[in-house]
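Visitor: Mind looking at a prediction? Sequence and model below.
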Amino acid sequence: MPDPGRPLPLTADPAFRFCPRCAAELPGPRPVRCASCGAEHWRNAKPCAGALVTDASGRLLLVQRALTPWHGHWDIPGGFCEPDELPADAAGRGGREETGIQGGVAGLVGMWGDRYGDGDDADITLNCYFTARVVGAVTPVVDPRESLDARWFAADDLPDRIAFPDHAREVLETWRSGSAPAD
């Protein structure tokens, strides 16, 4: 089994055996062209975005996940990009949906690759993170379908149980060290 912290090579995907368009069996792993309908299938990364939302005191807003993977772990607010949605817009939307807090998205912190879930069929993700400053109310209101809790954390008091640790710890260290762009 491949290292779960590294994306699978494009050709390795044993769980992807049938064409999503016509249901014919595929001749091999992706990238592949379906012999029945001609559709091409690739194993591209799914774009995700997160917002490193800070308040006037410089504290960072994190959410405690209600979903798997990483149920109960603390996470940076965000999520998958919708079709035709830019990552910066997805970061702002994801932050609002998960915390009820409006954040003015500013600079790009960086991009990190990861996997969403376990196993050979886990989605490969490209995670884009942005800084954001609170606009309006600073009391988070969580959607219980997505988050168990949301809290503000000082840079020197971040929780240990972080979701998606293969990349999120580096994101948080970039923010904590001050190497993230200023708002």
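Guide: Happy to help now that I have it.
Visitor: quick one, helices of the chain?
Guide: Taking DSSP state H, the helices of the chain run over residues 87-99, 165-176.
Visitor: how about these in TSV, adding mean neighbour count?
Guide: Heads up, the C-betas are built off the backbone N, CA and C, glycines and all. Output for the helices of the chain, formatted as TSV (neighbours: other Cβ atoms under 10 Å):
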stretch	mean neighbour count
helix 87-99	22
helix 165-176	17
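Visitor: Now do the helix or strand of the chain with the lowest mean pLDDT: which elements does it pack against?
Guide: Ranking every helix and strand in the chain by mean pLDDT, DSSP states H and E puts strand 40-41 at the bottom, with a mean of 88. For strand 40-41, the elements it packs on are strand 32-33, judged by 3 or more Cβ pairs under 8 Å, 6 or more residues apart in numbering; DSSP states H and E.
Visitor: Not counting the strand it packs on itself, show me its contacts.
Guide: Here strand 32-33 makes contact (Cβ atoms under 8 Å, 6 or more residues apart in numbering) with 26, 39-41.
Visitor: What is the distance between the least confident helix or strand of the chain and the centre of its chain?
Guide: 24 Å (Cα atoms, centre = their mean, to the nearest Å).
Visitor: Between the contacts of strand 32-33, identify the one with the most neighbours.
Guide: Greatest neighbour count in those, by other Cβ atoms under 10 Å, goes to L26: 19 neighbours.
Visitor: how close does that residue sit to V134?
Guide: 48 Å (Cβ to Cβ, to the nearest Å).
Visitor: Repeat that for C22.
Guide: Distance of C22 to V134, computed by Cβ to Cβ: 49 Å.
Visitor: Tally up the residues packed near the closest residue to V142 other than its chain neighbours, please.
Guide: Nearest non-adjacent residue to V142, counting by Cβ to Cβ, 6 or more residues apart in numbering: A150, 5.0 Å away. Neighbour count of A150, defined by other Cβ under 10 Å: 23.
Visitor: Perfect, that will be all.
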